[in-house]
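Engineer: this is a predicted model, with the sequence first.
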Amino acid sequence: MDADDDLETRASLYCVAQQAAALHRLLAVLPPDAARRVTGGEKDTISQLTSRALWSSTADLHQQGRSEYAKQVVAQARGGAAEGITELRLVTNSLDISERFWTAIYADAAVERIGGELRITPQEGPALLLVEALAAHLITTVDMEIVVDDDAADRLRANGFDVSRDGRYVVDVNGTDATVRIEVRP
């Protein structure tokens, strides 16, 4: 297989492009004191990285008239990373808070507590196995992107979680140190 047509390589580069673009957006909204600590050259480097990764992942394919293959790359990047993953293990400050958080996201998930562990198994995607941390600094720090139904943001708000106005981001406050990007299932 030609290296230029390796689906997994292109999907990985597409993921880098998405994350680098998100980092660039985050740097653009830093408070003034924090922004002064980041140089313009560093922001330029991130912009160049984003551009090169996007070009190598899909932009060149569109230019070559291979848009269907570019769609496969994007699909692989969005879903392929989780392919084969059956369980995610997260360490939380509170099993109760995490249960409220994840069952608000996945209203139809199966929930079971076994000893000091909490297992949440949604209808689609990997199960979540949560354990309680012995100390706050041991909790899981992670950013995630998940696919949900239309009402997930409203359920999260009703359960007291901070959801962005547009319903695209939620923070798992006092459970894990997670910011979750929400994509509504088409």
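Structural biologist: Perfect, thanks for sending it. Residues are numbered from 1 along each chain as shown.

Engineer: show me where this protein has its strands.
Structural biologist: 87-92, 110-114, 117-121, 127-132, 141-148, 162-163, 169-172, 177-184 (DSSP state E).

Engineer: return the most buried member of the ones you listed.
Structural biologist: strand 169-172 (a mean of 21; mean count of other Cβ atoms under 10 Å). C-beta coordinates here come from the backbone N, C-alpha and C atoms, glycine included.

Engineer: that strand - contacts with which helices or strands?
Structural biologist: The helices and strands touching strand 169-172, judged by 3 or more Cβ pairs under 8 Å, 6 or more residues apart in numbering; DSSP states H and E, are helix 95-105, strand 162-163, strand 177-184.

Engineer: give me that answer again for 10 Å
Structural biologist: When contacts are defined as 3 or more Cβ pairs under 10 Å, 6 or more residues apart in numbering; DSSP states H and E, strand 169-172 packs onto helix 95-105, strand 141-148, helix 152-158, strand 162-163, strand 177-184.

Engineer: next, the buried residues of the first one.
Structural biologist: By that I understand helix 95-105. Leu95, Ile97, Ser98, Glu99, Arg100, Phe101, Trp102, Thr103, Ala104, Ile105 (16 or more other Cβ atoms under 10 Å).

Engineer: roughly how far out does that helix sit from the chain middle?
Structural biologist: 17 Å (Cα atoms, centre = their mean, to the nearest Å).

Engineer: re earlier: how about a markdown table for the buried residues of helix 95-105, with distance to Tyr69 and pLDDT added?
Structural biologist: Shown next, in a markdown table, are the buried residues of helix 95-105 (distance: Cβ to Cβ, whole Å; pLDDT from 0 to 100):
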| residue | distance to Tyr69 | pLDDT |
| --- | --- | --- |
| Leu95 | 44 | 91 |
| Ile97 | 43 | 91 |
| Ser98 | 40 | 92 |
| Glu99 | 42 | 94 |
| Arg100 | 42 | 93 |
| Phe101 | 38 | 93 |
| Trp102 | 36 | 93 |
| Thr103 | 39 | 94 |
| Ala104 | 38 | 93 |
| Ile105 | 33 | 91 |
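
Engineer: which of the residues you listed sits closest to Gln19?
Structural biologist: Proximity of the buried residues of helix 95-105 to Gln19, judged by Cβ to Cβ, is greatest for Ile105, which lies at 21.6 Å.
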